[in-house]
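Chemist: just need the structure, nothing else, for what follows:
(chains A and B)
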Protein chains: 2
Amino acid sequence: MEAAGSRVHLDNGGRAVLHPLARQAVLQALDDGWADPRRLHAEGRRAARLIDGAREAVAAVLGARTEEVRFTPGHTAALHRAVVAGAAGRRRAGDRIVVGATERAAVLHAAELAGEPVKVPVDVLGRVDAEAFAEAVAGSGVALAALQHANGEVGTVQPVERAHEAARAAGVPLLVDAGASLGHVVVPGTWDLLAADPADWGGPSGVGVLAARQRVRLAATGPEDPEPWAPGGVSVPLAFAAAVALQAVRADLDEAAARRRSLVDRIRAAVADVPDVEVVGDPDGRLPHVVTFSFLYVDGEALVTELDREGFAVGSGSACTASTLEPSHVLAAMGVLTHGNVRIALDRTTTPDDVGRFLAVLPGAVSRVRERLGVHGL
Amino acid sequence: MEAAGSRVHLDNGGRAVLHPLARQAVLQALDDGWADPRRLHAEGRRAARLIDGAREAVAAVLGARTEEVRFTPGHTAALHRAVVAGAAGRRRAGDRIVVGATERAAVLHAAELAGEPVKVPVDVLGRVDAEAFAEAVAGSGVALAALQHANGEVGTVQPVERAHEAARAAGVPLLVDAGASLGHVVVPGTWDLLAADPADWGGPSGVGVLAARQRVRLAATGPEDPEPWAPGGVSVPLAFAAAVALQAVRADLDEAAARRRSLVDRIRAAVADVPDVEVVGDPDGRLPHVVTFSFLYVDGEALVTELDREGFAVGSGSACTASTLEPSHVLAAMGVLTHGNVRIALDRTTTPDDVGRFLAVLPGAVSRVRERLGVHGL
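Modeler: Next up, the predicted model:
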């Protein structure tokens, strides 16, 4: 069923195909950086140099200082820590947390630990109203605000510059979740806290990035730990590989973005011709490589499985995991179809031929799933 | 200063030299298991098979069921989760947590979140009194008990079988921290919760093991998460490599233990001849590969640095990290010297020649450090 050689992987959001240089970097650092970087001997110091170099490289891409960048066990952990410790560090100001309605579950969950967060709604394209966000941030007792740079499910880019302006005016730190954007587009420096996801840019999974401007106070959230953002430390090889991959994708960011943007345009146009489909997300202010659509009368999982059989790996919003079968809260917040959803996230290596073959197969796959569900002649 | 070819690494506790098969396994799984195991397509299912196989392999070594074994971002995370969720799952019984005095900081800290834990003291060899532990567990309102199988700093093995007997009689779940023992000695099946550390047995760091018998209730400790023990998931390559390394070291566990035990006996005997030294830990009921000693009139860090210059990497209890410069709480609980401490943890590959060279260099290194501190003629 699965002709291994001809597989096309179009589910690169949050977990892209590993960049070849990242693979090489893991290997190198398994040899040079296996020791504990907190130890004082030569092996420990060598591991510490690798991780410090990795922090420096990520910081350079972010426009931050090396000491402002830390590695965590993953993107989820970085978001959680940023919200919890960022809010705790501002306990005196209050305990309200302002979030966009389509933030990652980790942000929403961490914010709920401090009480009911103030959720700023998004429009049908998935974009928060910058005015409403500014107003919420200026409210009383706000400890922290969080807004993603771009939504990984639907690709919509958020007005983080304006949100940061408003947050600065109100003296509220802004957490920008760059988990779906760093490595694909330039991330503006308008953040106080930032989280990013190496697995999304072709680095390994199992490591995340948390950056905090030196002016931001991150409170201890439990008993003393020298590295509360990564208790016990992170994998040096994974952190090193994350930085190597980021440097590599940064080198031709614009070309890769332009190439993928035009492939996505082609997909958007072709998919709109399939009967009873809704293409989701902002057609212009969006990530270059992500496109999401929802089909009426189709079960998202069934379509993922059908396409998989044909040799194409696609995602299905946040709903498409074996463990979470709930409808996507992102699509729900946008007020669009939450079922029959398919997400395409193109890799840097995705070719026009890959896309052409996918588009040739898609309408038939949709029809077959609809037929199986007894939906005929629509 | 550092003749790279001739380095001898004797600081393998908690971070052993990577097993060659683990390195190979990381590579293989970077190629086969880079995808998200929660996704439904072929790439995701392949990653899921790798991680399920890894769980099965670890479970077989532990004498557990596959579904009882989970991977976490590290040993520290496993301990934290076991204590917090294990105690929360027994909220009805009470909120007291019984711990050995020399448990890892992660256990002590997690236990403190629920209030002041009941600490069962250890004797001068680092061993808890089994009677006192049993008595504490039988007390009222005890939610959970935690005892390490062996202490990684001093090597002393704890009476976990008797502790488990007492815990069972009291209906209290026992967490056994096998972080310093699994992969080196047979870990008895007398546990309800178990944490272990792949980096300690030659697997990679950045992944941990948490096992929980099916009868144990682990309560949710925050908002819903399908995998609360590893939010966002763990690295499949690291988990796979951890399991491969465990299988490999398990294959000749007894031979490797006997070989290292005799090398440690040799070190214990030779070190006792250095003036003003205290060899720490149980001489008999101990891990086969760990030996700790403390020198009067010596600063532990200075000695680590001096030995490093001579080409030998050693540890220095929990105190020897660049970030935590506090005296070891383990040594303090045992009532022994907390300064001038050196820990040797032999790798499976450590040779008699390595040990001979170390023992030839040690007395001179101690003398030089003492001289520098102005301690003459002692």
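
Chemist: my guess is A:Val314 contacts A:Leu346. True?
Modeler: No. When contacts are counted by C-beta atoms under 8 Å, A:Val314 is not listed as touching A:Leu346 (10.8 Å). Where C-beta positions appear, they are placed from N, C-alpha and C, glycine not excepted.

Chemist: which neighbours do these two share?
Modeler: A:Leu10 (C-beta atoms under 8 Å, 6 or more residues apart in numbering or on different chains).

Chemist: higher neighbour count, those two?
Modeler: Here A:Val314 and A:Leu346 are set side by side on neighbour count (other C-beta atoms under 10 Å in any protein chain shown), and the busier one is A:Leu346, at 28 against 25.

Chemist: how many neighbours does the closest residue to the more buried one other than its chain neighbours have?
Modeler: Take A:Leu346 and drop its neighbours on the chain: the residue closest to it by C-beta to C-beta, 6 or more residues apart in numbering or on different chains is A:His289, 4.3 Å away. Other residues within reach of A:His289, judged by other C-beta under 10 Å, total 26.

Chemist: same deal with A:Thr305?
Modeler: 15.

Chemist: correct me if wrong: it contacts B:Leu40.
Modeler: Yes. Judged on C-beta under 8 Å, A:Thr305 makes contact with B:Leu40 at a distance of 6.3 Å.

Chemist: circling back to that earlier point, contacts only, for the residue nearest to A:Leu346.
Modeler: A:Asn12, A:Gly155, A:His184, A:Ala257, A:Arg260, A:Arg261, A:Val264, A:Ala345, A:Leu346, A:Asp347.

Chemist: element containing the fourth one?
Modeler: Counting by DSSP states H and E, the element that carries A:Ala257 is helix A:253-271.

Chemist: and A:Arg343, helix, strand or coil?
Modeler: Secondary structure state of A:Arg343, per DSSP: H, G, I helix; E, B strand; the rest coil, is strand.

Chemist: name the spans of chain A whose pLDDT lies under the cut-off.
Modeler: Along chain A, segments meeting pLDDT under 70 span A:1-5, A:221-226, A:317-326, A:376-378.

Chemist: which parts of it are strands?
Modeler: In chain A, strands defined by DSSP state E lie at A:8-9, A:69-72, A:96-100, A:118-120, A:142-148, A:174-177, A:193-196, A:208-212, A:277-280, A:290-295, A:312-313, A:341-345, listed in chain order.

Chemist: what's in contact with the first one?
Modeler: Where contact means C-beta under 8 Å, 6+ apart, the residues beyond strand A:8-9 that reach it are A:Val17, A:Gly311, A:Phe312, A:Ala313, A:Asp347, A:Thr350, A:Asp354, A:Arg357, A:Phe358, B:Ala35, B:Glu43.

Chemist: and if you look at the fifth one?
Modeler: Defining contact as C-beta under 8 Å, 6+ apart, one finds that strand A:142-148 is touched by A:82-83, A:86-87, A:90-91, A:93-100, A:102-104, A:107, A:111, A:114, A:118, A:128, A:133, A:136-137, A:158, A:160, A:163, A:167, A:170, A:172-180.

Chemist: let's see that with 6 Å instead.
Modeler: A:86-87, A:90, A:93-100, A:103, A:107, A:137, A:158, A:160, A:163, A:167, A:172-175, A:177 (C-beta atoms under 6 Å, 6 or more residues apart in numbering or on different chains).

Chemist: residues contacting stretch A:65-72, please?
Modeler: With C-beta under 6 Å, 6+ apart as the test, stretch A:65-72 has contacts from A:55-56, A:58-59, A:78, A:207-208, A:210-213, A:229-230, A:234, A:239.

Chemist: please pick the buried ones from those residues.
Modeler: Buried members of these, scored by 16 or more other C-beta atoms under 10 Å in any protein chain shown, are A:55, A:58-59, A:78, A:207-208, A:210-212, A:229-230, A:234, A:239.

Chemist: out of these, which touch chain B?
Modeler: A:Val234 (C-beta under 6 Å from any C-beta of the partner chain).

Chemist: between the buried ones among the contacts of stretch A:65-72, which is nearest chain B?
Modeler: Ranked by distance to chain B (C-beta to the nearest C-beta), those are led by A:Val234 at 6.0 Å.

Chemist: burial measure for the nearest residue to the closest one once chain neighbours are set aside, as a count.
Modeler: Distances taken as C-beta to C-beta, 6+ apart place A:Phe71 nearest to A:Val234, at 4.6 Å, with adjacent residues excluded. Per other C-beta under 10 Å, the neighbour tally for A:Phe71 reads 28.

Chemist: could you give the bridge partners of A:Phe71?
Modeler: A:Val209 (DSSP bridges).

Chemist: same deal with A:Asn341?
Modeler: With DSSP bridges as the rule, A:Asn341 is bridged to A:Ser294.

Chemist: doesn't A:Phe293 make contact with it?
Modeler: No. Using C-beta atoms under 6 Å, A:Asn341 makes no contact with A:Phe293, being 7.5 Å away.

Chemist: which of these two has more neighbours?
Modeler: Higher neighbour count among A:Asn341 and A:Phe293: A:Asn341, with 31 against 23, using other C-beta under 10 Å.

Chemist: quick check: the residue of the stretch 1-150 of chain A nearest chain B.
Modeler: A:Thr76 (3.0 Å).

Chemist: between the strands of chain A, which one is closest to B:Ala333.
Modeler: Among the strands of chain A, strand A:69-72 comes nearest to B:Ala333, with 31.0 Å by C-beta to C-beta.

Chemist: what's near enough to touch A:Arg15?
Modeler: Per C-beta under 6 Å, 6+ apart, neighbours of A:Arg15: A:Ala199, B:Asp36.

Chemist: one more time with 10 Å
Modeler: Taking C-beta atoms under 10 Å, 6 or more residues apart in numbering or on different chains as the criterion, A:Arg15 is in contact with A:9, A:197, A:199-200, A:202, A:204-205, A:315, A:345, B:34-39, B:43-44, B:47, B:233.

Chemist: let's see which of the contacts of strand A:8-9 end up in helices.
Modeler: A:Asp354, A:Arg357, A:Phe358, B:Glu43 (DSSP state H).

Chemist: would you point out the most distant pair within these?
Modeler: Taking every pair in these and measuring C-beta to C-beta, the maximum separation is 16.9 Å, between A:Arg357 and B:Glu43.

Chemist: which one of those two is surrounded by more residues?
Modeler: B:Glu43 (23 against 16).

Chemist: burial measure for the nearest residue to the more buried one once chain neighbours are set aside, as a count.
Modeler: For B:Glu43, ignoring the flanking residues on the chain, the nearest one in space by C-beta to C-beta, 6+ apart is B:Ala35 at 3.7 Å. Applying other C-beta under 10 Å, we find 27 residues neighbouring B:Ala35.
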